[in-house]
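*Asks:* fold the following, please.
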Amino acid sequence: MELAEDLSAKGHDVTVVTPIPRYNVEQVDPKYHRKLFVIENANNIRVIRVRSFWIHMVGPVKRWLGQLGLAALFAACGLKAGKQDLVFAYSPPLTLGLSCYLLSRVYRIPFVFNVQDLFPQNIIDLGILRNCFLIRFFQSLERFVYRAASIITVHSNGNKQFVEALGINSDKVRVFYNWVDMSSIQYSEEKRPFFSDPELDTKFTVLFAGVLGTAQDLDVIVDAAKILATDPDILFLIVGRGVERGRIEARCKNEGVTNVVFRDFVPKEKYSHLVQSSDVGLVTLREEMKTPVVPSKIAHIMACGRPVVASLDTDGDAAVLIRESHGGFCLPPGNSIELAKSIQLLKADDCLRNELQKNGRAYALRHFDRRRVTSEYENLFHTLVSHR
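*Replies:* Residues are numbered from 1 along each chain as shown. This next block holds a predicted model:
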């Protein structure tokens, strides 16, 4: 919605098609009950909310079927919205590219596709997708959607190179950093209490917040916590939901790991406050994750002025970003000993911690500011519409 809000504020007429909120909400608003779709006006933006299939925390088959159904519903809502000048969508799910393709052909308008995750390669790397037929099917779908798009936007140079290697013309692939709404963050160098929990407020808090899924190597966090169990002042805080949460909580309980605390998700508008209640922000990915992914939480941690400690592919784009920013450490994936050492170092050295957080904050201001990135999108859209 942030891109839509900024475009609307500049005088553009914007229509957003999005699912009825069901994921990461405490309770579904009663006004959406038993409704297939609802048309609303939010800050002069027409919003079409559609009842979607449940595609979170389910098996891969149900998820893929749900994504195909979601694409059909989005296409129908796009047709209901009437002709626009341009259509834009995020991936995942990749299937939304089919919705955009249909609308772009019906209305003869440009189609911009923002690729956040390189599907299906990401789940091939994780060993989730092994069926040769399905691999070929999704790779064919990926190439079809990318070729159909007028422009593909990605969030790093490594992602650009990956897409181009699929045979996509380099002129079609543009790098746009994922943005952070810097103006909404009340920056503070000092910790800001969030949970009103004395244990969390007074200890050296190491935060992992986000999706607790298969790609995130949560075991390395537990292993590092076990190494640091002799330091009573260090506490690991894991905030979020996902298919791995139950297993990791059970592991901590079974192995007597008491310096790891779990909390449920927090609303997006409170996320920066959560990050600023910590001393260090963690980012972890499994060793098998070789696609050039840059987790969005890296930019948020930097924007909130906290050092990043990342355990992931040290040759990938995320590692390049962290090294360029001088905003934290990037460690080999799965290395709990190095992870524990880095946390100990940051706890012991206030000057180093302050230097890293200032560097990260300055880098975020230069590269990730929402207004700058959405203005770049506006310029791209204007060029496409004026030259069609």
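*Asks:* phi first, then psi, for Ser336.
*Replies:* The phi/psi pair for Ser336 (degrees, to the nearest 10) reads phi -70, psi -30.
*Asks:* I'd say it and Leu228 touch.
*Replies:* No - checked against Cβ atoms under 8 Å, the pair Ser336 and Leu228 is beyond contact range at 9.7 Å. C-betas here are computed from N, CA, C, even on glycine.
*Asks:* who has more neighbours out of those two?
*Replies:* Between Ser336 and Leu228, counted using other Cβ atoms under 10 Å, the more crowded position is Leu228 (23 against 20).
*Asks:* hey, where'd the strands end up in the chain?
*Replies:* With DSSP state E, the ranges of strands along the chain come out as 15-19, 37-42, 45-50, 87-91, 111-115, 151-154, 173-175, 204-209, 234-239, 260-263, 280-284, 308-311, 328-331.
*Asks:* could you measure the most centrally placed residue in the chain against Arg130, distance?
*Replies:* The centroid of the chain falls nearest to Ser296 when counting by Cα atoms, centre = their mean (4.5 Å). Ser296 sits 28 Å away from Arg130, going by Cβ to Cβ, to the nearest Å.
*Asks:* any buried residues in stretch 142-152, and which?
*Replies:* Going by neighbour count (16 or more other Cβ atoms under 10 Å), the buried part of stretch 142-152 is 142, 145-146, 148-152.
*Asks:* for the spatially closest residue to the residue nearest to the centre of the chain that is not a sequence neighbour, what are phi and psi?
*Replies:* Distances taken as Cβ to Cβ, 6 or more residues apart in numbering put Asn178 closest to Ser296, at 5.0 Å, once the chain neighbours are dropped. When read as degrees, to the nearest 10, the backbone of Asn178 gives phi -70, psi 140.
*Asks:* doesn't Ser156 make contact with Asn178?
*Replies:* No - Asn178 lies out of contact with Ser156 (Cβ under 8 Å); the separation is 9.1 Å.
*Asks:* what's in contact with stretch 148-161?
*Replies:* Stretch 148-161 is contacted by residues 97, 100-101, 104, 110-116, 118, 146, 163, 168, 170, 172-178, 291-294, 316-317, 320-321, 377, 380, 384 when judged by Cβ atoms under 8 Å, 6 or more residues apart in numbering.
*Asks:* can you flag the buried ones in those residues?
*Replies:* Buried by 16+ other Cβ under 10 Å: 97, 100-101, 104, 110-116, 118, 146, 163, 168, 172-174, 176-178, 291-294, 316-317, 320-321, 377, 380, 384, out of the contacts of stretch 148-161.
*Asks:* contacting residues around the closest residue to Pro295 other than its chain neighbours?
*Replies:* Computed as Cβ to Cβ, 6+ apart, the closest residue to Pro295 that is not its neighbour in sequence is Val283, at 5.3 Å. Val283 is in contact with 208, 295, 297-298, 301, 308-312, 318, counting by Cβ under 8 Å, 6+ apart.
*Asks:* try 6 Å this time
*Replies:* Val283 sits next to 295, 297-298, 310 when contact means Cβ atoms under 6 Å, 6 or more residues apart in numbering.
*Asks:* one more: Val50?
*Replies:* If you count contacts by Cβ under 6 Å, 6+ apart, Val50 has them with 37, 73, 77.
*Asks:* and Ser325, by the same measure?
*Replies:* Residues near Ser325 by Cβ under 6 Å, 6+ apart: 359-360, 363.
*Asks:* cutoff 7 Å now
*Replies:* 302, 359-360, 363 (Cβ atoms under 7 Å, 6 or more residues apart in numbering).
*Asks:* for these, work out which two are farthest apart.
*Replies:* Met302 and Asn359 (8.3 Å; Cβ to Cβ).
*Asks:* what sits in contact with each of those two?
*Replies:* The contact sets of Met302 and Asn359 overlap at 325, 327 (Cβ under 7 Å, 6+ apart).
*Asks:* could I get the pLDDT score of Leu339?
*Replies:* At Leu339, the pLDDT value in this model is 97.
*Asks:* check Lys31 too.
*Replies:* On pLDDT, Lys31 comes in at 65.
*Asks:* poorly predicted segments of the protein, please.
*Replies:* Within the chain, the ranges that satisfy pLDDT under 70 run 21-35, 53-64, 66.
*Asks:* let me know the outermost residue of it.
*Replies:* Taking Cα atoms, centre = their mean, the residue of the chain most remote from its mean C-alpha position is Thr230, at 33.6 Å.
*Asks:* that residue and Val257, how far apart?
*Replies:* On the measure of Cβ to Cβ, Thr230 and Val257 end up 13 Å apart.
*Asks:* tell me how many other residues surround Arg136.
*Replies:* For Arg136, the count of nearby residues is 11 (other Cβ under 10 Å).
*Asks:* before we move on, what about Tyr107?
*Replies:* Neighbours of Tyr107 (other Cβ under 10 Å): 17.
*Asks:* from the chain's centre, how far out does the longest helix along the chain sit?
*Replies:* Identified as the longest helix of the chain according to DSSP state H is helix 60-81. The chain centroid and the centroid of helix 60-81 are separated by 21 Å under Cα atoms, centre = their mean, to the nearest Å.
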